[in-house]
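Q: With the input below, show me the fold.
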Amino acid sequence: MYFNKEQMTVSLLESRALTGEQRDVSYLMELETDALLFPFLYESGLRGSVNYKPQELHGGWDSPLSHIRGTFTGHYLSACALLCRDGAYPLLKAKAEYLVEEIARCQAQNGGLWAFPIPEKYVWGVKEGTGFWAPLYVCHKVMMGLLDMGRYLGNQTAYRILEGCARWFEQFLEKVTPQELWKMMDFQESGGIMELWADLYAITGEERHLKLMRGFERKSLFEAMLEKRDVLTNMHANTTIPEIHGAARAYDVTGEERYLEIVKNYWDLAVTRRGMFATGGQTCGEVWTPMMRQSARLGEQNQEHCVVYNMIRLADYLLKFTGEKQYGDYIERNIINGIFSQTFYQSRTLDSYGESLIPDTGVVAYYQPLMAGGQKRWGRKTEDFWCCHCTAVQSNARLWEYIYYIRQDGVLISQYLPSKAHLKTPGGELDITMEREDSGVSCVEVTETAISRGERPMEDVYRIHITAGEAVSVPIFLRIPWWIKGEMKCFLNGVPFTGTMENGYLKLERAWKDETLTVVLPRGLHTWPLADEPDTVAILDGPTVLAGLIDGERILYGDKEKPEEFIKPHNERVWGSWTTTYKTFNQQNGFYLKPLNEVGRERYTVYFPIRPEKGQR
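A: Below is the predicted model:
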């Protein structure tokens, strides 16, 4: 399979994904450029003496006293580049371009190479074993933002800054031995700096950038992966995932099978053999859980958002390399129960119910607790700036990347996210518009459809309109979701259309000119057990994890394979829309459930012990 961003333009349409993108843009526009630039200007001496506390300064991990100050600015630039591609959000683009020009000024003041918001001594300090926090990580994030400004928006100033940074690191590698650098990478996070050099090499083709890429391989991790040795259990997850991104991108740009083997073996150790929670996460307290042992790891610090985002990106690499459906399934699960659940929370503002018209908001939930009675803790706009603030602005900026893939043998639609796309396929150019069909129906009009819908529909229906200037004969592959209950149905211009099943995809072949596909995905309730405690389960509606609105553990009685025997729809219709809430029945103490990605500050429980009969232990 091959994939090239230059072969497609994609934009989101009305959906939860677009809502996340729009809230992301609003947040990025709200942040002050002076605060984003302060650590760069101050480090270079351009800000000068400050004998007062500027009100606009950021707090938390981006405060002037933080060792990783300025990291968020790199993520900010990356998010802006992703959002503003293809001419979108021009005001945000102008703001990002101003930041780049100012960072260029700082680099010139520093002598033309160093362009970072921290002192050079931080990097050398890690070499000597002193306690500076993750300077290579900071450098990577800044360079990542600059590179994205170049490749998505064509910003030449960003490329020039990056070239100076690359020369600094070339000199750095001349002054440290490989053994010293490996020790540094084992001592402090280095982020995805290897991936950055691979990206730069892909752009320039220069051997010195390839040398930088190879220089930042983490030997201890890569050797363990080649040996298929589990070194991940109880290891900090998000240290290693970006390093494996480096191997993935290295395979992309060199074709060396060794790198692909590292990536595949990592996935096998981190996901396939380890198992996952119902949400798609695998961590507690930021470390990998033991293989297939999850029951003792349900806590208040499950599922760090950075891990969600970076594992989605790793799955995206593997989907491009292999075409295997499992990676699309994984991405979907983590978008719905991770990104949608942990970023840009906004409370309901229903004035007719007495609710405030000013919503309660939160930027990101660093963790998503899975213990009974857990509660999400939301980061503030300018006072926290955790690492997950950084990935929150990126994760909502690149959802469009996971929808369409151009293969040598056709077009793959992997995610069912409403969107518009222009694709340059091997058979010709196509325009695709995908929308979710509204099953609500007006509550004002007199319609037979409304009258016939006596209960909540248990299916997702998508309308995919495909047009081409000249008829294009190219197969279209639709991912068959893992959670589907029943047969996936497809209609072409209203007439049943039969495709062929191929490795978890529905393959549709014809000459596309002006066609409308209607795709029906039957949905239902099902459970997902803990790997080592199979009678304790989470309940899902299709791919969406449901949360019980209770503050502790609750035993449920019934058949764990048939959750419809103990939960049913609750308050299922409001005006012209169907709701997504449920309630228990035939239980000693009932409670309500709703999608985990709709939970704000309520306490909730995801996993429930199931007993077949009341009183049985």
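
Q: Please report how far the most centrally placed residue in the chain lies from Asp268.
A: With distances taken as Cα atoms, centre = their mean, Tyr309 lies nearest the centre of the chain, 3.3 Å away. From Tyr309 across to Asp268, the span is 21 Å (Cβ to Cβ, to the nearest Å). All C-beta atoms are positioned from the backbone trio N, CA, C, and that covers glycine.

Q: any weak-confidence spans in this structure?
A: 1-6, 49-50, 440-441, 449-451, 614-617 (pLDDT under 70).

Q: domain ranges for it?
A: Recorded structural domains for the chain (assignment: automatic domain parsing) are 13-175, 403-522, 525-611.

Q: thinking again about what came up before, tell me which element the residue nearest to the centre of the chain falls in.
A: Assessed by DSSP states H and E, Tyr309 sits inside helix 305-322.

Q: Which other helices and strands does that helix contact?
A: Packing contacts for helix 305-322, counted by 3 or more Cβ pairs under 8 Å, 6 or more residues apart in numbering; DSSP states H and E, involve helix 237-254, helix 257-267, helix 325-334, helix 387-395.

Q: which of the residues in it are buried?
A: Neighbour-count burial for helix 305-322 flags 305-321 (criterion: 16 or more other Cβ atoms under 10 Å).

Q: list the buried ones in whichever strand in the chain runs longest?
A: Longest strand in the chain, counting residues (DSSP state E): strand 459-473. Buried residues in strand 459-473, counted by 16+ other Cβ under 10 Å: Glu459, Asp460, Val461, Tyr462, Ile464, Ile466, Ala468, Val472.

Q: show me what contacts the last one?
A: This means Val472. Contact analysis of Val472 by Cβ atoms under 8 Å, 6 or more residues apart in numbering lists Thr425, Gly427, Gly428, Glu429, Leu430, Ala511, Trp512, Lys513.

Q: Make sure the fourth one is indeed in a strand.
A: In other words, Glu429. Yes: the assignment for Glu429 by DSSP: H, G, I helix; E, B strand; the rest coil puts it in a strand.

Q: hey, what's it bridged with?
A: Under DSSP bridges, the beta-bridge partners of Glu429 are Lys424.

Q: ok, it touching Val411?
A: No: using Cβ atoms under 8 Å, Glu429 is not in contact with Val411, being 11.2 Å away.

Q: shared neighbours, these two?
A: By Cβ under 8 Å, 6+ apart, Glu429 and Val411 have these common neighbours: Leu423.

Q: who's more crowded, those two?
A: Remark: of Glu429 and Val411, Val411 carries more neighbours, 25 against 14, as counted by other Cβ atoms under 10 Å.

Q: ok now do the nearest residue to that one once chain neighbours are set aside, which residues does it touch?
A: Leaving out its chain neighbours, the residue that sits closest to Val411 by Cβ to Cβ, 6 or more residues apart in numbering is Ile476, at 5.1 Å. By Cβ under 8 Å, 6+ apart, Ile476 lies in contact with Gly410, Val411, Leu412, Ile413, Ile466, Lys507, Leu508, Glu509, Trp512, Leu517.

Q: What strand or helix carries the third one?
A: With the criterion set as DSSP H and E, the secondary-structure element containing Leu412 is strand 410-413.

Q: what does that strand rub up against?
A: 1, 323, 403-406, 423, 425-426, 430, 432, 434, 464, 474-479, 505, 507.

Q: The same query, at a cut-off of 7 Å, please.
A: Identification of contacts with strand 410-413 by Cβ atoms under 7 Å, 6 or more residues apart in numbering yields Ile403, Tyr404, Tyr405, Leu423, Thr425, Leu430, Val474, Pro475, Ile476, Phe477, Leu478, Arg479.

Q: same check, this time on stretch 157-170
A: Residues outside stretch 157-170 that contact it (Cβ under 7 Å, 6+ apart): 100-101, 103-104, 107, 112-115, 143, 146-147, 149-150, 200, 208-209, 212.

Q: And stretch 71-88, by the same measure?
A: 9, 21, 24-25, 28, 36, 62, 89, 92-93, 96, 99, 138, 141-142, 144-146, 148-149, 152-153, 385, 389-390, 393-394, 397-398.

Q: How about stretch 393-407?
A: 1, 3, 7-8, 10-12, 17, 20-21, 24, 27-28, 75-76, 78-79, 82-83, 309, 316, 319-320, 323, 331, 335, 339, 343-344, 411-415, 417, 419, 421, 423, 425.

Q: Show the end-to-end separation of that stretch, please.
A: One end of stretch 393-407 sits 29 Å from the other (Cα to Cα, to the nearest Å).

Q: Roughly how far does Leu13 sit from Pro457?
A: 20 Å.

Q: do the same with Leu530
A: Relative to Pro457, and taking Cβ to Cβ, Leu530 is found at 31 Å.

Q: Counting neighbours, go ahead and name the busier of those two.
A: Leu530 (23 against 14).

Q: residues in contact with that one?
A: With Cβ under 7 Å, 6+ apart, Leu530 has these contacts: Gln294, Ser295, Thr536, Tyr607.

Q: Tell me, how many residues neighbour the second one?
A: Neighbour count of Ser295, defined by other Cβ under 10 Å: 14.

Q: How about Asp535?
A: By other Cβ under 10 Å, 12 other residues sit near Asp535.

Q: on that earlier part again, just give me the closest of the buried residues of strand 459-473 to Asp186.
A: Lowest distance from Asp186 to the buried residues of strand 459-473 (Cβ to Cβ) belongs to Asp460, with 45.9 Å.

Q: tell me the contacts of the closest one?
A: Each residue near Asp460 by Cβ under 7 Å, 6+ apart is listed here: Tyr416, Arg436, Leu521, Arg523.

Q: Do me a favour and get the backbone dihedrals for Lys53.
A: phi -100, psi 110 (degrees, to the nearest 10).

Q: Next one: it from Ala35, what distance?
A: Distance of Lys53 to Ala35, given as Cβ to Cβ: 12 Å.

Q: Please identify which of the two sits among more neighbours.
A: Neighbour count, other Cβ under 10 Å: between Lys53 and Ala35, Ala35 has more, with 18 against 8.

Q: out of everything not next to it in sequence, what's closest to the more buried one?
A: With Cβ to Cβ, 6+ apart as the criterion, Ala35 has its nearest non-adjacent residue at 4.5 Å, and that residue is Glu56.

Q: quick revisit: ChimeraX command for the buried members of the contacts of Ile476?
A: Selection of buried members from these for ChimeraX, criterion 16+ other Cβ under 10 Å:
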select :410,411,412,413,466,507,508,512,517
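
Q: Let's have the contacts of Ile476 in CSV, adding distance to His245.
A: Formatted as CSV, those follow (distance: Cβ to Cβ, whole Å):
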residue, distance to His245
Gly410, 27
Val411, 25
Leu412, 21
Ile413, 24
Ile466, 33
Lys507, 30
Leu508, 33
Glu509, 35
Trp512, 35
Leu517, 34
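
Q: between the contacts of Ile476, which is closest to Leu260?
A: For the contacts of Ile476, the residue nearest Leu260 by Cβ to Cβ is Leu412; the value is 19.5 Å.

Q: give me the beta-bridge partners of the closest one?
A: Residues in beta-bridge contact with Leu412 (DSSP bridges): Tyr405, Phe477.

Q: gap between it and Gly499?
A: Going from Leu412 to Gly499 by Cβ to Cβ gives 13 Å.

Q: same check, this time on Glu553
A: 45 Å.

Q: which of the two has more neighbours?
A: Per other Cβ under 10 Å, whichever of Glu553 and Gly499 has more neighbours is Gly499, with 19 against 15.

Q: you'd agree the more buried one is up against Leu517?
A: No: Gly499 lies out of contact with Leu517 (Cβ atoms under 7 Å); the separation is 10.0 Å.

Q: Identify the contacts common to the two.
A: The contact lists of Gly499 and Leu517 share Cys490, where a contact means Cβ under 7 Å, 6+ apart.
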